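Novice: just coords:
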């Protein structure tokens, strides 16, 4: 390469970096800025009326898992926090499973429609997205409350004689979250099924595979990237869900998001809130790591 | 033995229905290399998909060894397909692809392992067994697709234009390879192609199809030498069409008839089929004459006369374009011999000589 050409290449490389700079700066500030602030707060002392006082303390982190008895100064596990952690993880996993069980057949149905029809079906999946989350959540509340539509219909049909308590239960939270996050499962699965070469399905039938075997051995493995993406897209926001457990759980079925909000609000314990936020982040990262690892090795086992 | 009896397939359309198959009947013998040949859209692939079970015919029936094949779903038919796109499973290795059909048939593990090894050997892919299908070349994918379809030992193997994606040299090799595999396995092959050369070199018998119907069934030689109608003559190889008058039928059972050509000369040509010869009536007919069947001679000796319009050199042979006196164009092909040089030039008057029995009357 001649010197002139080398200079040209260097120049081009430099201008490319210059063009990238604004995006990198925004990304850096937006991604790490708030995180650093939260991390800093988690090591400060709680102010009496909210906020933080600028003196180092690990009380915030300490209170995530442990609590000191008010009178005996005895250390015990913070049962309330642990049960909220457990509920959050459990409900989020169940939400991912339920949205998969409903979402996969839905995505498959849409992907196998004629090309022109698919857009209409996708539109129907996406339309709820355009409605405010709060409104959708209150709509579910109307559906399942004691004098709500479901109970009224069941009473009228004579199937039950007293209304079933559905609202303010874990079931209500799960129901709400599955409904809200379903599109996030359908979309990536649809994307991978739409790319699926259906001649492979024919090849499967040709090679003596029954419908179930074709689904298990051919369609599902090829749709797996979509299933993984969908599960992550559902699981992660479920874990930090705030509105749905608040409205449908009625303040009794707290999830991590509500606990964090509580610390920054009525609890006036910002360091604990910050530590809880980072704990949530850690849970998400560990869960993703385990999940992606497991999904990856399974694939290697097959191929 | 596969019997296709009056199979019709109509695809309903928004504006009008499309008849992909209009009453197709044919019989494929055991251990036969049978080719469905025709232009794209002639229905050959649809017929293949009906036999495989991916399409259900509008009417008609398909029998395999006398048993109704249509009553069974594709995964119960002892019929395997080599797809045009190969349709190899991208998430499985070469060996896993080949094992798939055997696993679905619940064969014992040891038997699967042995068959897969045999198949890899048969298609010479043993060193590639653990590769992903995306990591091998088109020709290798082709061979894996073949091995995968042959592994469960189907009664019939269907091949849907399996060579069309390969380059010329590889295609030539694979043609021989397919013939070898068919001979070694003894499985009936039904091969779909639009490539007439491929069909002629590989097949035991060919069914020429057009617009959803079978136009002629016969050995490659029959199809080439005695095309029954204009479409077949035109689609297979190159053909000159000239008009003539039928003046008499030979009663000797030779299948030859006498025609009078444009210049008034009479010659003997083939009737569409020997049993038809006696039933034919005098009148105008169309003759098909292959370019290599006519001989270029001096004008006075020719049955047909004209002026040399163009000479095209093709390496192995030379094409002479002759403008006939009655207006038509006749293309004649002569093999080139070493040391031979042509003293004919464009514009020369020439004659065309036809041997006895050269030329074929086409059915109307």
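Specialist: Looks like it arrived, so ask away. Everything numeric here is computed off the predicted structure, so don't read it as measured data.
Novice: what residues does chain A put near chain B?
Specialist: Residues of chain A lying close to chain B (CB under 8 Å from any CB of the partner chain) are A:197, A:199-200, A:202-210, A:213, A:217-218, A:221-222, A:299, A:302-303. C-beta: built from backbone N, CA, C; applies to glycine.
Novice: in strands, which of those residues appear?
Specialist: Using DSSP state E, no member of the residues of chain A next to chain B falls in strands.
Novice: just those: which are in helices?
Specialist: Judged by DSSP state H, the residues of chain A next to chain B include A:199, A:200, A:202, A:203, A:204, A:205, A:206, A:213, A:221, A:222, A:299, A:302 as members of helices.
Novice: which PyMOL command selects the buried ones in those residues?
Specialist: Buried subset of those, written as a PyMOL selection, criterion 16 or more other CB atoms under 10 Å in any protein chain shown:
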select buried, chain A and resi 200+202+203+204+205+206+213+221+222
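Novice: and the ones in helices among the residues of chain A next to chain B as TSV, adding pLDDT?
Specialist: Output for these, formatted as TSV (pLDDT from 0 to 100):
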residue	pLDDT
A:199	91
A:200	94
A:202	93
A:203	94
A:204	95
A:205	94
A:206	93
A:213	94
A:221	92
A:222	91
A:299	50
A:302	43
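Novice: as TSV, the ones in helices among the residues of chain A next to chain B with distance to residue A:61 would be great.
Specialist: Shown next, in TSV, are those (distance: CB to CB, whole Å):
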residue	distance to residue A:61
A:199	56
A:200	52
A:202	58
A:203	56
A:204	53
A:205	58
A:206	60
A:213	51
A:221	43
A:222	44
A:299	38
A:302	42
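Novice: max pairwise distance over the ones in helices among the residues of chain A next to chain B: which two?
Specialist: Using CB to CB, the pair of those lying farthest apart is A:206 and A:299, separated by 24.3 Å.
Novice: which parts of the stretch 1-150 of chain B sit against chain A?
Specialist: Checking the stretch 1-150 of chain B against chain A by CB under 8 Å from any CB, the hits are B:52-54, B:73-76, B:79-81, B:83, B:85, B:87-93, B:96, B:100-101, B:104-105, B:132, B:148-149.
Novice: break the chain into its domains for me.
Specialist: As the question left the chain open, I've gone with chain A. Per automatic domain parsing, the structural domains of chain A span A:1-41, A:79-302.
Novice: to clarify, I was referring to chain B.
Specialist: If you go by automatic domain parsing, chain B breaks into B:2-230, B:238-338+B:347-361.
Novice: now a PyMOL select for only the buried ones of the residues of the stretch 1-150 of chain B next to chain A.
Specialist: Buried subset of those, written as a PyMOL selection, criterion 16+ other CB under 10 Å:
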select buried, chain B and resi 52+53+54+74+75+79+80+81+83+85+87+88+89+91+92+93+96+100+101+104+105+132+148+149
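Novice: need the strands for the stretch 51-200 of chain A, in chain order.
Specialist: Counting by DSSP state E, counting those that start in this stretch, the stretch 51-200 of chain A has these strands, from start to end: A:52-56, A:66-68, A:75-77.
Novice: picking that back up, relative to residue A:2, which of the domains of chain B is closest?
Specialist: Short answer: domain B:2-230, nearest of the domains of chain B by CB to CB, at 37.6 Å.
Novice: what average pLDDT does that closest one get?
Specialist: Domain B:2-230 carries an average pLDDT of 91.
Novice: can you give me the helices in the stretch 251-364 of chain B?
Specialist: B:274-277 (DSSP state H, counting those that start in this stretch).
Novice: strands of that one, start to end?
Specialist: For the stretch 251-364 of chain B, applying DSSP E, counting those that start in this stretch gives strands covering B:256-260, B:266-270, B:283-289, B:294-297, B:304-313, B:317-324, B:329-335, B:349-354, B:360-361.
Novice: could you export those strands as JSON lines, including mean neighbour count, mean pLDDT and distance to chain A?
Specialist: Conversion of these to JSON lines gives the following (neighbours: other CB atoms under 10 Å in any protein chain shown; pLDDT from 0 to 100; distance: least, CB to the nearest CB, whole Å):
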{"stretch": "strand B:256-260", "mean neighbour count": "19", "mean pLDDT": "83", "distance to chain A": "48"}
{"stretch": "strand B:266-270", "mean neighbour count": "19", "mean pLDDT": "83", "distance to chain A": "42"}
{"stretch": "strand B:283-289", "mean neighbour count": "17", "mean pLDDT": "86", "distance to chain A": "39"}
{"stretch": "strand B:294-297", "mean neighbour count": "18", "mean pLDDT": "86", "distance to chain A": "46"}
{"stretch": "strand B:304-313", "mean neighbour count": "16", "mean pLDDT": "87", "distance to chain A": "42"}
{"stretch": "strand B:317-324", "mean neighbour count": "18", "mean pLDDT": "88", "distance to chain A": "41"}
{"stretch": "strand B:329-335", "mean neighbour count": "17", "mean pLDDT": "88", "distance to chain A": "41"}
{"stretch": "strand B:349-354", "mean neighbour count": "19", "mean pLDDT": "86", "distance to chain A": "49"}
{"stretch": "strand B:360-361", "mean neighbour count": "23", "mean pLDDT": "84", "distance to chain A": "40"}
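Novice: can you tell which of the ones you listed is closest to residue A:31?
Specialist: Judged by CB to CB, the one of the strands of the stretch 251-364 of chain B that comes nearest to residue A:31 is strand B:304-313, at 70.4 Å.
Novice: next, the angle from that closest one to strand B:317-324.
Specialist: Orientation check (axes from the mean of the first three to the mean of the last three CA atoms, to 10 degrees): strand B:304-313 against strand B:317-324 gives 150 degrees.
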